Structures are given as C-alpha cells and as structure tokens.
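K.L.:
Fold the following, please.
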Amino acid sequence: MYQLYNDIFEKLIKYLVIARELKEDIQEVHVYNSIELVFGKKYCRIYVDFKLKNERKKAFELQELRYKYFNNVGISDYFSFYLGYDDYQVKEDRLKNKEEEIHYEYIWNFLAWQMKKEEITVKPSHFISEYYEKIKRKEEDEKWENEKKQILNEISNYLKENQDLLFVVKDYNKIRIGKIAEFGSYNSLTLLEIKKDLSIGKVKVQTSNYNTIAIINVFQLPKLLTKDELVKLINSDVDFEGLIWKKK
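P.N.:
Reported below is the predicted structural model:
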C-alpha cells in the first residue's frame, strides 16, 4: 500500500513540475478516468490532460516534458489501479469501484489545490465506474436493438412494396436469385427464388445479406431472358440493362 501511494505522489509531483514550467501557456487541466481491458485484466486508469492556450506552438514542448519526466525514466504518465480479471459474475458493489473513486478524488483535488497557487484551473470529469460502464453499455445495446428493428421493418416494408427488385446472392459458389420475402435481424435474408422464366417461385432460400453480389430491376431486363442467361450476364464483366448494383 505504501508503494502504491508513493507512486501516486511521485506522479503528482511530476505533473506539478510540468504545470509550473508551462504556467503561462496552460488554459486548464482536465482530469478523467476510464475502465480499460488489457489482456483480460481490467484497470481503472486516471489521466491528466493539459489544455494549452496555443496548441500549435506549445504541443511539442508539452510532449517533450511528458517524455522527460515520465517515459524517459520508465514511468507511465497515467495512474493505474488493477481491478482484477474481466468477470461478469462480479458483485454489483465491487463494480461501483468506490476505492478507486477515492483515489480519483484525491488525485484531482490535490492537483487543484496545488495548481490554484499557480492560477491554473483543474476540471475533473464525472468518475466512470465499471457499474456505470455496464449500465451505459446496456442502454446503448437496447437503443441499437430498437433502432435496428425499426430499420429492418422499414427495409422489409420497402422491399415488399417494390416487387421489381431481385437480389442475387452467392452461397458456396452457387448463384441464387430471388425476391426478398423477409429481411431479418443480423443481416439474414429470405428469398423467394425465381423460376427459369424469371417469374417468382415458391422455393425459399435462407442466406445472408453479406452474400449479396447484385441487385436487379426485373422489369428493366431484356424481354424473353431466361434465368440461365441472366446468370451468365451476372458472371460477365459487362453492365446490362436492369442492373442496379453489382459487387466489385
């Protein structure tokens, strides 16, 4: 524990030295944290970011000072706290990272107190815990699922209303052509495969949108064209009437 606080204090001193050397050029100091996964292990890392009045002129000088006081002597320029292995079974109380939040509060308060003497403002961001990340990720997943369902419904409705579109897919080197019967989740497609005379049949083909190689407007195709002839056109390098899009 002593070594931990000794490392924290050593880095705080280095940041104070940098702040004093760039005193006239610093607009404010931003302190924030993030939860990071490194080779299956989780860490709470706290970063100190200097916002400069003139980034163009002073960014290189700041970079040199960081290298001088941190990287050059083998010290990372962030504060890192080990949280353990990535485990979904960890109890909710542990995910709130109360101990790490205390370290975070101490770090930014110490910098704010010391830098106030140099008339430098320190602004901390809201502390990010594993629990916060978990809730945020869940909300984003739910939002994405709802948006995806809406998009899929819109696509399905459009494709059902537009009977002129044929999708060409390539599964295991075999070309299948048909009208969309259903556009499902995770890019799944259900096609009603066309017959030899290009009329819509009843055979359903399950495939993926990733296998789509061309989209065709059936009503713009040359008259009396057969399915075999259409396949030959698709396999050729030439554009033909009715071709809307083809995978390169």
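
K.L.:
just checking, what packs against the lowest-mean-pLDDT helix or strand in the chain?
P.N.:
Across the helices and strands of the chain, mean confidence by mean pLDDT, DSSP states H and E is lowest for helix 92-95: a mean of 76. For helix 92-95, the packing partners by 3 or more CB pairs under 8 Å, 6 or more residues apart in numbering; DSSP states H and E come out as helix 130-161. In short, each C-beta sits where N, CA and C put it, glycine included.

K.L.:
what's the offset of the helix it packs on from the middle of its chain?
P.N.:
Counting by CA atoms, centre = their mean, to the nearest Å, helix 130-161 is centred 15 Å from the centre of its parent chain.

K.L.:
Over it, what's the mean pLDDT, rounded is fine.
P.N.:
Across helix 130-161, the average pLDDT comes to 78.

K.L.:
ditto for stretch 105-116
P.N.:
Mean predicted lDDT for stretch 105-116 stands at 93.

K.L.:
Quick check: next helix or strand after the least confident helix or strand of the chain?
P.N.:
Using DSSP states H and E, the helix or strand that follows helix 92-95 towards the C-terminus is helix 98-115.

K.L.:
Just name whatever secondary elements that following helix is in contact with.
P.N.:
With contacts taken as 3+ CB pairs under 8 Å, 6+ apart, helix 98-115 sits against helix 2-21, strand 26-38, strand 41-52, strand 79-85, strand 122-124.

K.L.:
So for K223, which of those sits nearest?
P.N.:
When those are compared by CB to CB, strand 26-38 sits nearest K223, at 59.8 Å.

K.L.:
Might you calculate how far that closest one sits from the centre of the chain?
P.N.:
For strand 26-38, the separation from the chain centroid amounts to 19 Å (computed by CA atoms, centre = their mean).

K.L.:
Taking strand 79-85 as reference, get the angle to it.
P.N.:
Angle, strand 26-38 to strand 79-85, by axes from the mean of the first three to the mean of the last three CA atoms, to 10 degrees: 20 degrees.

K.L.:
Any buried residues in strand 26-38, and which?
P.N.:
26, 29-33, 35 (16 or more other CB atoms under 10 Å).

K.L.:
can I get the residues you listed in CSV with pLDDT and distance to F60?
P.N.:
As requested, those are exported to CSV (pLDDT from 0 to 100; distance: CB to CB, whole Å):
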residue, pLDDT, distance to F60
I26, 91, 15
V29, 94, 19
H30, 95, 19
V31, 96, 23
Y32, 96, 23
N33, 95, 26
I35, 91, 31
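
K.L.:
Low-confidence regions, this structure specifically.
P.N.:
Filtered on pLDDT under 70, the chain yields the residue ranges 1-5, 85-91, 151-152, 155-156, 158-163, 184-186.

K.L.:
can we see that at 50?
P.N.:
Scanning the chain for pLDDT under 50 picks out 1-3.

K.L.:
Give me the domain ranges for it.
P.N.:
Domain ranges of the chain: 2-128, 162-246, per automatic domain parsing.

K.L.:
so who does the nearest residue to I244 once chain neighbours are set aside touch?
P.N.:
Computed as CB to CB, 6 or more residues apart in numbering, the closest residue to I244 that is not its neighbour in sequence is I215, at 4.6 Å. Under the criterion of CB atoms under 8 Å, 6 or more residues apart in numbering, the neighbours of I215 are 165-168, 244-246.
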